[in-house]
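with the sequence up front, the predicted model follows.
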Amino acid sequence: MPSESHSPSESSLAPHSGFQPLPTSLFASTALDASPKLLGQTLVRRSEIGVIRSRIIETESYGGIEDKGSHAYGGRRTKRTEIMFGAGGTAYVYLIYGMYHCLNVVTGVPDDPQAVLIRAVEPLTEEDERRMRLLRSIKSKKPADLSGGPGKLCRALDIDKSFNGCRLTVPTSPLYLEAGDDIAGLDIVCGPRINIDYAEEYAAKPWRFFLKDHPYVSVNDKANPPQPFYR
């Protein structure tokens, strides 16, 4: 737990006065369509030590009941996956290996389970990085060690299962999204998703999207070199 000396002022937790929402159409679209469009956008965490803003660097698409990599494959509707069957714009947070949390953005229309896994983010400012390092408690200066990976970024932003169902479109939420870069100016590449061999023919789908040669990218998959993403 951070010491009291790092406690934020009320103003540091106030919603950003210049909040720029992402288009509602993005949250209503399929995960495959939304996944590259979330790159460069800003993820905002209103934490106990102050507001932390980060830029989304890497995503993975998990869309529809036909995707064998998805938790909702075959229409699997459980207590855990129920959030994926709701309207887009909420957070889907789950635990893997009993120790790492993963943050997903639910997209699509009700009853069509779509989710985008956020795999990597970078802090926007030195102060954002300082706060993320305080929460991570790491000495490594390698960017990817801070928040290059789903579990790492959740620790760096203090995100756990209590955020499941959080509305990501509301600037008073403890976690929300706002507009950042114009994706037209981003060098986006794609490749197979990571660690989903169980997905059979869906394992090779190029549904991981990331910024080319970015230091915060979580995995350098030498067996599957990144391919250009054509919009």
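Arrived safely, thanks for sending. Here the structure is a predicted model, which means the values were calculated and not measured.

can you tell me the closest non-neighbouring residue to residue 111?
Setting aside the residues directly before and after it, residue 111 is nearest to residue 85 in space (C-beta to C-beta, 6 or more residues apart in numbering), at 5.6 Å. Any C-beta I mention is one placed from the backbone N, CA and C, and that applies to glycine too.

right, and that neighbour touches residue 72 too?
Yes - with contact defined as C-beta atoms under 8 Å, residue 85 and residue 72 form a contacting pair (7.1 Å).

remind me which helix or strand residue 59 belongs to.
strand 50-63 (DSSP states H and E).

which neighbours in the sheet does the helix or strand following that strand have, and how are they oriented?
Sequence-wise, the next helix or strand downstream of strand 50-63 (DSSP H and E) is strand 91-96. Here strand 91-96 has these sheet partners by DSSP bridges: strand 100-107 (antiparallel).

what's the following helix or strand after the partner strand?
Following strand 100-107 toward the C-terminus (DSSP H and E): strand 114-123.

and that following strand, what does it pack onto?
Counting contacts by 3 or more C-beta pairs under 8 Å, 6 or more residues apart in numbering; DSSP states H and E, strand 114-123 packs against helix 31-37, strand 50-63, strand 100-107, helix 126-136, helix 143-147, helix 150-156, strand 208-211.

could you export the fifth one as CSV, CA atoms only?
Spelled out, that is helix 143-147. Taking C-alpha atoms only, helix 143-147 is exported to CSV below (Å, rounded to 0.1, in the frame of the first residue of the first chain):
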residue,chain,number,x,y,z
PRO,A,143,9.6,-0.4,-20.9
ALA,A,144,7.9,-3.8,-21.5
ASP,A,145,8.6,-4.9,-17.9
LEU,A,146,6.5,-2.1,-16.6
SER,A,147,3.3,-2.5,-18.6
